[in-house]
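Chemist: Dropping the sequence and predicted coords here.
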Amino acid sequence: MSSIMDHGSSLKSALVVSPAEYRAARLSLLEKEKEATRALDALAAERRQLPIVEVTKSYSFSIICPKDGQRHDIGLSDLFFGRRQLIIYHFMFDPSWEAGCSGCTLMGDSFPPLEHLHSRSTSVVAVSRAPIEKIEKYKKRMGWTFPWVSSYGSDFNYDMHTTQDEAIRPVEYNYKAKDELPDFLTKGEQPGSSVFYRGDGKIGEVGKIYHTYSTYARGGEHLINTFGWLDMTPLGRQDGESGHPGLGFLRKDEYSQEELKGLH
């Protein structure tokens, strides 16, 4: 998961001013923030009006049941866990890797308490192509409890355009073809989020599953709460200053004590 824009420090251009001057500048920015909030509300309303597509293909996923500790093979409908809506995070974890993507791991650390989403009949599940045994080992390392299943051996990732392999599917990512994409987005695992709905007669036919939305690349960036906190600060996200690849963040158990103390 990578960032392609600079959200680094703008402190170099910051001015030291009087409280009155600050208040005037802050009120001007506040109006722009309110405009952005209203625009996002309108965008969310428009998103809810998108047409939907029936999922007619069967997919198989592997899961380790927390109750019996056994591996089970389940279908897409099972990932709803009896709820009406399903959000899937496409977590980059290639079968050959021993650990999940560091950027997707930052997203994993941002998953909210799922009880709030469950109260709105919405399930959240991470999906990766890595074998379930690797997923469970990494999940335990990170201390996560959200459902995470393996799509290993399934077409799911390819059909959702989050695994790129020209030998299996024509390259398409973020609704663009290969010749429209930078090279690093045309191979292997890519991040994204997808939403599905189980028909209830009000939306779709009862029992059928519908794909309602997918977003890729920076489209899901707002879900990483670390960015939201840093965006409020003078230094911003400090892109490129950490010396770490990708989004610039390590897994939470990989930082040095100096980094955690902010001594760099």
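Modeler: Looks like it arrived, so ask away.

Chemist: how many other residues sit next to Glu258?
Modeler: Using other C-beta atoms under 10 Å, Glu258 has 9 other residues around it. Where you see a C-beta, it was placed from the backbone N, CA and C, and this is true even at glycine.

Chemist: Hmm, I typed the wrong one, I wanted Ala177.
Modeler: With neighbours defined by other C-beta under 10 Å, the count for Ala177 comes to 11.

Chemist: So what sits opposite it in the bridge?
Modeler: With DSSP bridges as the criterion, Ala177 is bridged to Glu172.

Chemist: Return the distance of it relative to Lys32.
Modeler: 35 Å (C-beta to C-beta, to the nearest Å).

Chemist: ok, now Glu241?
Modeler: Distance from Glu241 to Lys32, by C-beta to C-beta: 26 Å.

Chemist: Buried ones in the worst-scoring helix or strand of the chain on mean pLDDT, by neighbour count?
Modeler: In the chain, the helix or strand scored least confidently by mean pLDDT, DSSP states H and E is helix 257-260, which has a mean of 89. Residues of helix 257-260 include none that count as buried (16 or more other C-beta atoms under 10 Å).

Chemist: distance between it and the chain's centre?
Modeler: Centroid separation for helix 257-260 versus its chain: 26 Å, with C-alpha atoms, centre = their mean, to the nearest Å.

Chemist: now swap in stretch 147-158 and tell me
Modeler: 16 Å.

Chemist: Can I get that stretch as PDB, trimmed to CA atoms?
Modeler: Provided in PDB are the C-alpha atoms of stretch 147-158 (Å, rounded to 0.1, in the frame of the first residue of the first chain):
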ATOM      1  CA  PRO A 147     -12.300 -11.700  11.100                       C
ATOM      2  CA  TRP A 148      -9.700 -12.400   8.500                       C
ATOM      3  CA  VAL A 149     -10.100 -15.100   5.900                       C
ATOM      4  CA  SER A 150      -7.900 -16.600   3.100                       C
ATOM      5  CA  SER A 151      -9.000 -16.600  -0.500                       C
ATOM      6  CA  TYR A 152      -6.100 -18.900  -1.500                       C
ATOM      7  CA  GLY A 153      -7.100 -21.000  -4.500                       C
ATOM      8  CA  SER A 154     -10.100 -18.800  -5.300                       C
ATOM      9  CA  ASP A 155     -10.700 -16.300  -8.100                       C
ATOM     10  CA  PHE A 156     -12.000 -13.700  -5.700                       C
ATOM     11  CA  ASN A 157      -8.900 -11.400  -5.600                       C
ATOM     12  CA  TYR A 158      -8.500 -11.500  -9.400                       C
END
